[in-house]
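A.B. asks: Mind folding the following:
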Amino acid sequence: MSALLPLKKTARAVSQSPILLAVAVVLIVNVFLALKDPFGRVDPNTIPSAKHWAYWTTQDYLQEKAAPDVVLLGSSIFMNPLWMLEAEHLNRTVDIVVERRSHYLEDAIKKRLPGAKLACFNYALPGAMVSDDYMIIRTMFKEGKTPKVVVIGLTPLDMTDDDFYCAVSSNHYKYLAKFTETRDLLDLSMPKPWQRTEYLANQSVYLAGRKHDVQGSVIGSVRDKLNGYLGPLSAAPLSTKEKGDVKDAIYQDEVGPGIWLAQPVGIDYFNDNSNGFKKRYRFATPDKCKIKMAWLKKCIDLCRQKNIAPLIVNVPLPDPALKILPAGVHDALVKRVEALAQTEKVAYIDLQKTGAFDIKDFTDSCHMDASGGRKVMDFVAAEIGRDTRLSSALLAPAKPGDGEGESKIAGKRGAM
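C.D. replies: As a prediction, the model looks like this:
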């Protein structure tokens, strides 16, 4: 009986103190949620989410009945020109949010590998870093959805960016993290001790650790409820210049079908936005790319585990962008990526060295238009046809469940 007295005194103290009572309720709720794990027991794909670029592209990929043969990864530097190229190649408007097939690359590869049946998927995302590429490979390329070749498009701007703090600061990473456990990635995704401390603390409080799922659920649910009142977001064609560069709009938090449409006409302007980039890269050094190089190594290792043949592409930049980086940084970063590719014995091409690109292939200080995209895809297709590591992977018999390439990707998808 005497042993119960301390418990009774504690209970009495808690009941008489609003603060202690609130703490007790929080602890009880936290334990209950941790045991039930309502978000962990459901398919992460069914949890409502803000409909950003990673959401739409992932939904498109998950809907495929079989794996595309070639998947393109990278940032908007690799993404934008491929959509503009698609519009010109198909001679029709292309909805850049939900149309992910690269027909041009398919046709270009078939010229080098006659008789090949294949489908190419553009998984490049605005602002994506190599850590986002890794998360795509890790979470999406599973049995029945594993491509044969992955093309990773990079520029030195992707490898050193003062605005990019760590992997978990990316919306793409946060979204894709719903599909996997990321504890093993802490050292790379949260390189600073205070970042890991916050993560571990959040993990001990269920709602804090699941805050992105909760926020996504709230945002997704509210957006769905308000759709009937707000109406669709207005479209912005990518063939005309409005205030600034219309492509800057792709960095909005939420997008949807019909918002940005690539037109089957060339863009005939150049927007020199180098001043906006200078503050992001003025302190760039080769050493700042160490963590991103580690992520690139993880991409290569994971591709090897999944029997995927990677091709790393150094995407060209125009003179205004080359002048943004401090002297010597561009070449030093390119050499590091090339050295890693050689060490890991994976295919690599440096398109900057080709001298095939000029200012007319760009719409601003880093993004190409359709003409630049066409050149990039021609070089990629030529390398796939030339390099036996890549061509052999593409020509290998389809794995069970992979299906035939020609029918893998729908031409256009509507709202989900």
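
A.B. asks: Which stretches in the stretch 101-250 of the chain count as helices?
C.D. replies: For the stretch 101-250 of the chain, the helices defined by DSSP state H, counting those that start in this stretch occupy 103-112, 130-140, 156-159, 171-176, 186-189, 193-204, 206-209, 211-230.

A.B. asks: Low-confidence stretches in the stretch 101-250 of the chain?
C.D. replies: Applying pLDDT under 70 to the stretch 101-250 of the chain flags residues 161-165, 195-250.

A.B. asks: ditto for the stretch 301-416 of the chain
C.D. replies: Within the stretch 301-416 of the chain, the ranges that satisfy pLDDT under 70 run 398-416.

A.B. asks: For it, which segments count as strands?
C.D. replies: 309-314, 347-350 (DSSP state E, counting those that start in this stretch).

A.B. asks: Just say which of those is most tucked in.
C.D. replies: Comparing these by mean neighbour count (mean count of other C-beta atoms under 10 Å), strand 309-314 ranks first with a mean of 23. For glycine as for every other residue, the C-beta is placed from the backbone atoms N, C-alpha and C.

A.B. asks: nearest to residue 337, of the strands of the stretch 301-416 of the chain?
C.D. replies: Closest of the strands of the stretch 301-416 of the chain to residue 337 is strand 309-314, at 6.5 Å (criterion: C-beta to C-beta).

A.B. asks: packing partners for the closest one?
C.D. replies: When contacts are defined as 3 or more C-beta pairs under 8 Å, 6 or more residues apart in numbering; DSSP states H and E, strand 309-314 sits against strand 149-154, helix 290-305, helix 329-344, strand 347-350, helix 370-386, helix 388-395.

A.B. asks: Turn the strands of the stretch 301-416 of the chain into a markdown table, including distance to residue 389.
C.D. replies: Below are those laid out as a markdown table (distance: least, C-beta to C-beta, whole Å):
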| stretch | distance to residue 389 |
| --- | --- |
| strand 309-314 | 5 |
| strand 347-350 | 6 |
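
A.B. asks: of all those, which lies closest to residue 106?
C.D. replies: Across the strands of the stretch 301-416 of the chain, closest to residue 106 is strand 309-314 (C-beta to C-beta), at 15.5 Å.

A.B. asks: burial measure for residue 64, as a count.
C.D. replies: Neighbours of residue 64 under the rule other C-beta atoms under 10 Å: 17.

A.B. asks: just so I know, which of the strands of the stretch 301-416 of the chain lies nearest residue 287?
C.D. replies: Once those are compared by C-beta to C-beta, strand 309-314 is nearest, at 19.2 Å.

A.B. asks: Report the angle between that closest one and helix 370-386.
C.D. replies: 140 degrees (axes from the mean of the first three to the mean of the last three C-alpha atoms, to 10 degrees).

A.B. asks: So in that sheet, which strands flank strand 309-314, and in what orientation?
C.D. replies: Note on strand 309-314: by DSSP bridges, its sheet partners are strand 149-154 (parallel), strand 347-350 (parallel).

A.B. asks: for stretch 118-131, how far is the first residue from the last?
C.D. replies: Distance across stretch 118-131, first residue to last, is 27 Å (C-alpha to C-alpha, to the nearest Å).

A.B. asks: I should have written stretch 133-147 there, sorry.
C.D. replies: Start-to-end, stretch 133-147 (C-alpha to C-alpha) is 14 Å.

A.B. asks: So what touches that stretch?
C.D. replies: 58, 61-62, 64, 66-71, 73-74, 121, 123, 150, 152, 172-173, 176-177, 179-180, 295, 298-299, 302-303, 306-308, 399, 401-402 (C-beta atoms under 8 Å, 6 or more residues apart in numbering).

A.B. asks: Filter these down to the buried ones and hand me the ChimeraX line.
C.D. replies: Remark: buried members of the contacts of stretch 133-147, expressed as a ChimeraX selection using 16 or more other C-beta atoms under 10 Å:
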select :58,61,64,66,67,68,69,70,71,73,74,121,123,150,152,172,173,176,177,179,295,298,299,302,303,308,402
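
A.B. asks: Please write out the alpha-carbon positions of stretch 62-77 in CSV.
C.D. replies: Taking C-alpha atoms only, stretch 62-77 is exported to CSV below (Å, rounded to 0.1, in the frame of the first residue of the first chain):
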residue,chain,number,x,y,z
LEU,A,62,3.7,4.8,-60.6
GLN,A,63,0.9,4.5,-63.0
GLU,A,64,3.1,2.9,-65.6
LYS,A,65,2.3,-0.7,-66.1
ALA,A,66,6.0,-1.5,-66.7
ALA,A,67,9.3,0.2,-66.4
PRO,A,68,10.5,2.7,-69.0
ASP,A,69,13.8,1.5,-70.6
VAL,A,70,15.5,4.9,-70.1
VAL,A,71,14.9,7.4,-67.3
LEU,A,72,16.3,10.9,-67.4
LEU,A,73,17.2,12.5,-64.0
GLY,A,74,18.4,16.0,-63.3
SER,A,75,17.2,19.6,-62.5
SER,A,76,15.3,22.1,-64.7
ILE,A,77,18.6,22.6,-66.6
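
A.B. asks: Spit out the contact partners of residue 103.
C.D. replies: 86, 89-90, 120.

A.B. asks: Where neighbours are concerned, which of the residues you listed has the most?
C.D. replies: residue 120 (29 neighbours).

A.B. asks: What residues are bridge-paired with it?
C.D. replies: Where residue 120 sits in a bridge, its partners, by DSSP bridges, are residue 70.

A.B. asks: doesn't residue 70 make contact with it?
C.D. replies: Yes - using C-beta atoms under 8 Å, residue 120 is in contact with residue 70, at 4.3 Å.

A.B. asks: Give the residues shared as contacts by those two.
C.D. replies: 102, 105, 109.

A.B. asks: quick one: which of these is nearest to residue 356?
C.D. replies: Of the shared contacts of residue 120 and residue 70, the one sitting nearest to residue 356 (C-beta to C-beta) turns out to be residue 105, at 17.0 Å.

A.B. asks: and the spatially closest residue to residue 375 that is not a sequence neighbour, how many residues sit next to it?
C.D. replies: Computed as C-beta to C-beta, 6 or more residues apart in numbering, the closest residue to residue 375 that is not its neighbour in sequence is residue 356, at 5.6 Å. Neighbourhood size, residue 356 [other C-beta under 10 Å]: 14.

A.B. asks: One more: the one 10 residues further on?
C.D. replies: Summarising burial for residue 366: neighbours were counted as other C-beta under 10 Å, giving 23.

A.B. asks: List the contacts of it.
C.D. replies: Counting by C-beta under 8 Å, 6+ apart, residue 366 has contacts 77, 155, 157, 277, 317-318, 321.

A.B. asks: Alright, I will stop here.
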